[in-house]
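# let me see the structure of the following:
(chains A, B, C and D)
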Protein chains: 2
Amino acid sequence: MELTERKKTILNAIVRNYLETGEPVGSRTISKYTDLNLSSATIRNEMSDLEEMGLIVQPHTSAGRIPSDQGYRIYVDDMLAEKEKEVDSMREMLLDKEEKLENLLKHVARQLADNTNYATMISAPSMSKNKLKFLQISRVDADHLLATIVLEGNLIKNKMIPVDEELDDATILKLNMILNTNLGGISVENINLGLIAALKAQAGIHSEIVGHVIDAAAESIRADEELEIYTSGTNNILKYPELSDNQKASELINTFEEKHDLTSLVESSLNATEHGIQVYIGNEMPIATMKDCSVVTATYELAEGMRGTVGIIGPKRMDYDKVVSTLKKMMHQLDDLYKKND
Amino acid sequence: MELTERKKTILNAIVRNYLETGEPVGSRTISKYTDLNLSSATIRNEMSDLEEMGLIVQPHTSAGRIPSDQGYRIYVDDMLAEKEKEVDSMREMLLDKEEKLENLLKHVARQLADNTNYATMISAPSMSKNKLKFLQISRVDADHLLATIVLEGNLIKNKMIPVDEELDDATILKLNMILNTNLGGISVENINLGLIAALKAQAGIHSEIVGHVIDAAAESIRADEELEIYTSGTNNILKYPELSDNQKASELINTFEEKHDLTSLVESSLNATEHGIQVYIGNEMPIATMKDCSVVTATYELAEGMRGTVGIIGPKRMDYDKVVSTLKKMMHQLDDLYKKND
DNA sequence: TATTAGCACTCGAGTCGAGTGAGTGCTAAC
DNA sequence: GTTAGCACTCACTCGACTCGAGTGCTAATA
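Residues are numbered from 1 along each chain as shown, chains lettered A, B, ... in the order given. The predicted model follows:
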């Protein structure tokens, strides 16, 4: 069966109405809601078709219809196409460019949650493509060295390295020289075994320490990779009856607190090459506990390769329109912020 | 009216029973539950007295009784006195001593949540009494210095310092010397204006940079002070009907996510000098959103002055007994961990 | 004097059935 | 192709009713 223009109009009307009320919507409502000037009976016929096409469903006989995941999908795709052109003004969000990255991210998450009344998440930018800018080893006490690693974008990592023998200043100086000349400007993912071997050869008897530093670099970056996700507005979930069922809500809240599961969403979103905004509806989601939710994600990029994901999580009947606008706005701000910052 | 031994037994029985079932408990139940061998009628008389004394309340006429905050208080105090002696074996919790502090704390929070089925929080240890161990300034690029600060216990802080003029190696070496000789071994709270002035004098034309480093030290430590609290098991709140009312649950979850409000609890607990364990019941709590909860807190100390708080948050009818045991056990482990580690 | 048995009373929770209304599908007429 | 009309479905509401756990009071008992 073909999805005629009229069917599309009716589907849109159903989705919109349902987004507002959260109640199944009936034929009579649509017959008044649209300017199609059709009687409820006609609408009923069309709705019957739409149901057959799998775009709407009836929770039970003699109830109105609600959109299926597929129905939402069509609505959302249309909306996104529409949004493409639209330049859109909304309440300015305040971002302070002087904040530490961590605080900035938390701030973004909170602002989005406050603006939308949904739960939000943001992942720290992935560092693996980021380049090493500065490395340094310092002697902290008799049996500890401190490795300090600065990445492009001035992100800093530290790692304590236990040592058996105390190193003298000259050795440390030499090691620092070796590290910086060989690794400066190299991206983390490009540090390969050959490079490591060459470094160790140069370090001579202290090759072990070089190994530690490299491990530290790799490890501390990878550790972050896994887990740095900030969330906000988790409690908003309880505002939507369809999610606040105890069992579901509990699982959702746990997903947000543990954060681990959210990484799959982040990855999925980062891998999607299309226009920044990505929408996952119900079962399209890579996370099982979220099958009753929708998520709108966007990808931001602070510097070459430093990309992260922002996501807004709500019920399937979330206000996609507003969420997409808000996200786009936020993305612009983040972009601006970085460009000025650099 | 006096709280006779018999009344106390009955009160205890009521509390215990209510902790288990969450239902108001009636006189007949108690008459069987205790070995007092009293008829329900006698119990009723006693209960009537207990109610008059404000230790139990009736949710409505013709319902059983439930403990009031005051009633819980008596029960808990008794229990704590009892626990004082008890050495207690329970399922070993796994703590890996090699973890980063942050991960260790998260781990502790999660373990406690898993073990108790309540929500948990842990504050990072307060640093202000901690001593500076090692300071260092490095030139990262033409217009940025990196200040690295290591505290006793090997906690590391970093701060980027923008500079106008590029400093030569000799100057940086000199500044590092000044910083380490003057500040090494000093606790953060003991850095006063006189000391700062002396430092700046020594630094000569680079006094501004010294000021920045000190600011960085103070600021980064204070910033942590405010906010480093980790939570786990927030979703457990929804397991208890008396808390999972939408409005209350939402506020609670928010308190846990924003974490800011939890600081008052941390402070209150740190200030209480008594035997490590502290119990807050209902309105005794410094946090308004938690007036239907109880919190059991414990204080841990990793090093001289580095004290933090662990808290377990549940409904007023939480299993105080188990919670206290679990907390004590955890505290021992943390203590052991540090002593071996050092 | 303390304890107990007995009884009337209260009140929340659950069950049942009738009534209501929003909604559908189908059919026949326009 | 559209519409009016009608029978039918089904969740929801609401009041009447029952049930049972629990209380307080009184009078009898040890």
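# how does chain A divide up, domain by domain?
As given by automatic domain parsing, the domain ranges for chain A are A:5-67, A:93-124+A:229-341, A:132-226.
# let me have the ones you listed in JSON lines, extended by mean pLDDT, distance to DNA strand C and mean neighbour count.
(Glycine included, C-beta is placed from N, CA and C.) Below are those laid out as JSON lines (pLDDT from 0 to 100; distance: least, Cβ to the nearest atom of the strand, whole Å; neighbours: other Cβ atoms under 10 Å in any protein chain shown):
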{"stretch": "domain A:5-67", "mean pLDDT": "93", "distance to DNA strand C": "2", "mean neighbour count": "17"}
{"stretch": "domain A:93-124+A:229-341", "mean pLDDT": "87", "distance to DNA strand C": "15", "mean neighbour count": "19"}
{"stretch": "domain A:132-226", "mean pLDDT": "80", "distance to DNA strand C": "45", "mean neighbour count": "16"}
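# give me the three-state assignment for residue A:244.
Here residue A:244 is recorded as coil under DSSP: H, G, I helix; E, B strand; the rest coil.
# test my guess that it contacts residue B:246.
Yes - if you go by Cβ atoms under 8 Å, residue A:244 and residue B:246 touch, sitting 6.1 Å apart.
# how about the residue in chain A that DNA strand D sits nearest to, what does it touch?
Closest contact between chain A and DNA strand D, by Cβ to the nearest atom of the strand, is at residue A:62 (2.6 Å). The contact partners of residue A:62, by Cβ atoms under 8 Å, 6 or more residues apart in numbering or on different chains, come to none.
# and it, how close does it get to residue B:213?
Distance from residue A:62 to residue B:213, counting by Cβ to Cβ, to the nearest Å: 74 Å.
# can you check residue A:72 too?
Remark: distance between residue A:72 and residue B:213 (Cβ to Cβ) = 55 Å.
# same check, this time on residue A:137
The gap separating residue A:137 from residue B:213 is 20 Å, by Cβ to Cβ.
# do the same with residue A:270
The gap separating residue A:270 from residue B:213 is 37 Å, by Cβ to Cβ.
# mind checking the end-to-end distance for stretch A:47-63?
Start and end residues of stretch A:47-63 are separated by 12 Å (Cα to Cα, to the nearest Å).
# which neighbours do residue A:244 and residue B:246 have in common?
By Cβ under 8 Å, 6+ apart, residue A:244 and residue B:246 have these common neighbours: residue A:238.
# thought residue A:101 was touching residue A:123?
No - with contact taken as Cβ under 8 Å, residue A:101 and residue A:123 are classed as non-touching, separated by 11.9 Å.
# pairing partners for whatever helix or strand residue A:139 lives in, with directions?
Counting by DSSP states H and E, the element that carries residue A:139 is strand A:132-141. Using DSSP bridges, the strands paired with strand A:132-141 are strand A:144-151 (antiparallel).
# can you name the next helix or strand after the partner strand?
Downstream of strand A:144-151, the first helix or strand assigned by DSSP H and E is strand A:155-162.
# is chain B contacted by that next one?
Yes - Strand A:155-162 lies within reach of chain B by Cβ under 8 Å from any Cβ of the partner chain, at A:156, A:158, A:160.
# what helices or strands is the helix or strand that comes right after that strand leaning on?
Moving toward the C-terminus from strand A:155-162, the next helix or strand (DSSP H and E) is helix A:169-183. Packing partners of helix A:169-183 (3 or more Cβ pairs under 8 Å, 6 or more residues apart in numbering or on different chains; DSSP states H and E): strand A:132-141, helix A:193-203, helix A:207-227.
# can you list contacts of the helix or strand following the last one?
So that's helix A:207-227. Using DSSP H and E, the helix or strand that follows helix A:207-227 in sequence is strand A:229-232. For strand A:229-232, contacts defined as Cβ under 8 Å, 6+ apart pick out A:102, A:105-106, A:109-110, A:112-113, A:119-124, A:256-257, A:259, A:262-263, A:266, B:257.
# relative to helix B:246-258, how tilted is the following helix or strand past strand A:229-232?
Using DSSP H and E, the helix or strand that follows strand A:229-232 towards the C-terminus is helix A:246-258. Interaxial angle of helix A:246-258 relative to helix B:246-258 (axes from the mean of the first three to the mean of the last three Cα atoms, to 10 degrees): 10 degrees.
# what sits up against helix A:246-258?
By Cβ under 8 Å, 6+ apart, the residues outside helix A:246-258 that reach it are A:119, A:121, A:231, A:234, A:237-238, A:243, A:261-262, A:287, A:289-290, A:292-293, B:231-236, B:238-239, B:244, B:253.
# could you redo the last one with a cut-off of 6 Å?
When contacts are defined by Cβ atoms under 6 Å, 6 or more residues apart in numbering or on different chains, helix A:246-258 is touched by residues A:231, A:234, A:237, A:261, A:289, B:234, B:235, B:238.
# which one of these is nearest residue B:51?
For the contacts of helix A:246-258, the minimum distance to residue B:51 (Cβ to Cβ) is 31.1 Å, reached by residue B:238.
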